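Undergrad: structure for this input, please:
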Amino acid sequence: MTLAHNAPLRVALFGLPGAGKSTTVSLLTPALEDAGLKVAVVRLAEPLYDVQHAFYERLGTDLAPGQQDGALLNFLGSHFRRIDPGFLVADFARRCDSPALAEIDVLLCDDARPADLDGLSTREFQLIRVSAPESLRRARKAHRGDKTAGQDDHSTELGGEAVVPDFQLVNDGSLEHLEEQVTALGKVLVDQRNDAAAPSSDRK
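TA: Got it, this is the predicted structure:
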């Protein structure tokens, strides 16, 4: 992959709920930071989370830290896209281009959805599919403690199987196996970032 000189790497993870996207980012972030890179996690669905928070706040309650209402997010995601199909990606791109992130080396998105992948690719995001055996993925999803579970067959979740990712990680139940894959991925990303930061005469 060829990047503009000193441009941040842009990496988006996608996969069905329970596959392990957030776990992967929680492992990848310190691996990149240990290599001296500055990392920011930017969530594509931030507008949906904002509305979700406002919804529960208006009811006089709130979700526990990290808890989601999957059914509500499915609803919001489908209607945001119905009203303006390109809004979520455009809003995400604006936030990624914020001056506050100007010194960041790697931008990580842990909540990409199939409907957004084409838009992310055109904005130079590398796509990483995180998958897991179906029974294990469903068990993880059921034990996350969400208010409600989102639908795996909802329109916002469909289409990812046809995407050819830049990298693929298999979260098959062994944290050690996932860590090994993340370490290998981290080394590739560090090399890419260092290559982009080097003077043009020194690039590989």
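
Undergrad: so where do the helices sit in the protein?
TA: For the chain, the helices defined by DSSP state H occupy 21-34, 46-58, 70-83, 87-96, 117-122, 134-142, 175-197.

Undergrad: elements contacting the third one?
TA: Secondary structure elements in contact with helix 70-83, counted by 3 or more Cβ pairs under 8 Å, 6 or more residues apart in numbering; DSSP states H and E, are helix 46-58, helix 87-96. Yep, even glycine has a C-beta here, placed from its N, CA and C like the rest.

Undergrad: contacting residues around the nearest residue to Gln68 once chain neighbours are set aside?
TA: In this structure, Gln68 finds its nearest non-sequential neighbour in Asp146, 4.9 Å apart by Cβ to Cβ, 6 or more residues apart in numbering. By Cβ atoms under 8 Å, 6 or more residues apart in numbering, the contact set of Asp146 is Gln67, Gln68, Asp69, Gly70.

Undergrad: sorry, back to before: redo the helices of the chain as JSON lines? Include distance to Ala12, mean pLDDT and mean neighbour count.
TA: Shown next, in JSON lines, are the helices of the chain (distance: least, Cβ to Cβ, whole Å; pLDDT from 0 to 100; neighbours: other Cβ atoms under 10 Å):
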{"stretch": "helix 21-34", "distance to Ala12": "10", "mean pLDDT": "96", "mean neighbour count": "18"}
{"stretch": "helix 46-58", "distance to Ala12": "14", "mean pLDDT": "96", "mean neighbour count": "14"}
{"stretch": "helix 70-83", "distance to Ala12": "16", "mean pLDDT": "94", "mean neighbour count": "16"}
{"stretch": "helix 87-96", "distance to Ala12": "9", "mean pLDDT": "96", "mean neighbour count": "17"}
{"stretch": "helix 117-122", "distance to Ala12": "5", "mean pLDDT": "93", "mean neighbour count": "17"}
{"stretch": "helix 134-142", "distance to Ala12": "19", "mean pLDDT": "90", "mean neighbour count": "15"}
{"stretch": "helix 175-197", "distance to Ala12": "13", "mean pLDDT": "93", "mean neighbour count": "16"}
